[in-house]
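K.L.:
sequence and computational prediction follow.
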Amino acid sequence: MPELPEVESFRRQIEEAIRGKTVKDVEVRPDSIVFCGESPAKVKKVFLGQKVKECKRKGKYLWLELDQKPWPVFHLGMKGFYVIAKEKPLPSAKSVKLVLEMNDGTFFVFKDPRRFGRVFLMDDPLAEKPIGYLGADVHTELPSVQELKELIGHKKAPIKSALLNQETLAGIGNWMADEILFQSGIDPHRRCCDLTPIEIKRIHSKIRSVTTLSVDAGADDSRYPASWIFHHRWGKKAGKISTGEKIKHSVVGGRTTAWVPAKQK
DNA sequence: CTCAGTGTTCAGTG
DNA sequence: TCACTGAACACTGA
C-alpha cells in the first residue's frame, strides 16, 4: 500500500478522525521489531492522556504531534495500514500492533501483517535520523527543474534507482517510479547522467502530475486515469497497456520494474 | 511447496 | 570517502 499518496491519504483520515482528541486508553501488542526495541510500557506511556495536535507527513513517514514529546513516528513498510473504527479490535485480530482509544470512543488502529513497518519515538522527527536524511517531499516541496537536474544529472545509477532513493526525493516508491518513467517515455534502465535536459524536464513534470493526481484521488487506484500503466503492471502474463503495446518486466534498482519498450526509450 | 512483493538498511565492491 | 549494488529482513497469498 504505502507510497506517498497512500500515506498522505492516511494522514488526512487520521487528522479528520482524531485531531484535537485525547488518548483515553492504549493497547500495545508486544513486537520488538516494529517498536524498535521500545517496551510496550514505554510506548503506552507516550500516548496515554495526550492530546493529538496534528498529524504530519514527510515522504512515506507520518507522525503524531502530541502535547508532550517524544512523538510517535510511523513507517508502514510494505503492508502496514491504519484503521479508524468505532469498536475495539478483538484480541484475536491479526497483525494489530497498536490501538488508541480516544476520549470520544473513536479507535485508531495500526496494523502491520508483514512487520516491515516501524514505530519510532522522537523528540524532533524532522531533524532526527530517518526523516532528517530525506530529500524534498515530492508533494509538498517539489524541487524546480533546475534543482532536479543538480540532484540527479551527475548520477551514474539508473534513473529508476534515483527516483526510488529517498535521500534524493522523498515519497516515490516502486509503482510511482514506473508510472513516472512510463509517462515520461523513458527507459527505466537509462543512467541519470545520460539523460538530456529535455528528458529531465519531462520527468520533473510527471513527478508532479502523477503525485498530484494520485493524492487528489485519495490514493483510490480505481480513480487513476485509465491510460496509466498502473492498471496493467501486475498482470505479469501477457501484460499490455491500454493501447496494446506489450509490458516487459525486469529488475532495476533491486525492484521488479514494469515498462513498455515500444514507448520508453 | 516456492516465490514475489506499493520498503529500508547495511555489508561489500570498485 | 563516496556512489552504487544486492542481499537480508518477515510474512502472506498466488
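P.N.:
Yes, it's here. A quick note: this is a predicted structure, and the numbers were derived from the prediction, not measured.
K.L.:
list the contacts for A:Ile180?
P.N.:
Contact analysis of A:Ile180 by CB atoms under 8 Å, 6 or more residues apart in numbering lists A:163, A:172, A:203, A:206-207, A:210. Quick note: C-beta positions are derived from backbone N, CA and C, even for glycine.
K.L.:
could you tell me the end-to-end distance of stretch A:186-193?
P.N.:
End-to-end distance for stretch A:186-193, by CA to CA, to the nearest Å: 13 Å.
K.L.:
check the offset of that stretch from the chain's centre.
P.N.:
The chain centre lies 23 Å from the centre of stretch A:186-193; the measure is CA atoms, centre = their mean, to the nearest Å.
K.L.:
A:Ile241 touches A:Arg233, doesn't it?
P.N.:
No - assessed by CB atoms under 8 Å, A:Ile241 is found out of contact with A:Arg233, at 9.1 Å.
K.L.:
spell out which parts of the stretch 51-200 of chain A neighbour DNA strand B.
P.N.:
Residues of the stretch 51-200 of chain A lying close to DNA strand B (CB under 7 Å from any atom of the strand) are A:59-60, A:75, A:77-79, A:114, A:116, A:129-130, A:164, A:166, A:173-175.
K.L.:
which of the residues you listed sit farthest apart?
P.N.:
A:Lys129 and A:Trp175 (26.3 Å; CB to CB).
K.L.:
those two - which one has more neighbours?
P.N.:
Using other CB atoms under 10 Å as the criterion, A:Lys129 and A:Trp175 rank with A:Trp175 on top: 21 against 10.
K.L.:
for the more buried one, what is the enclosing helix or strand?
P.N.:
Assigned by DSSP states H and E, A:Trp175 belongs to helix A:174-184.
K.L.:
right, I'll leave it there.
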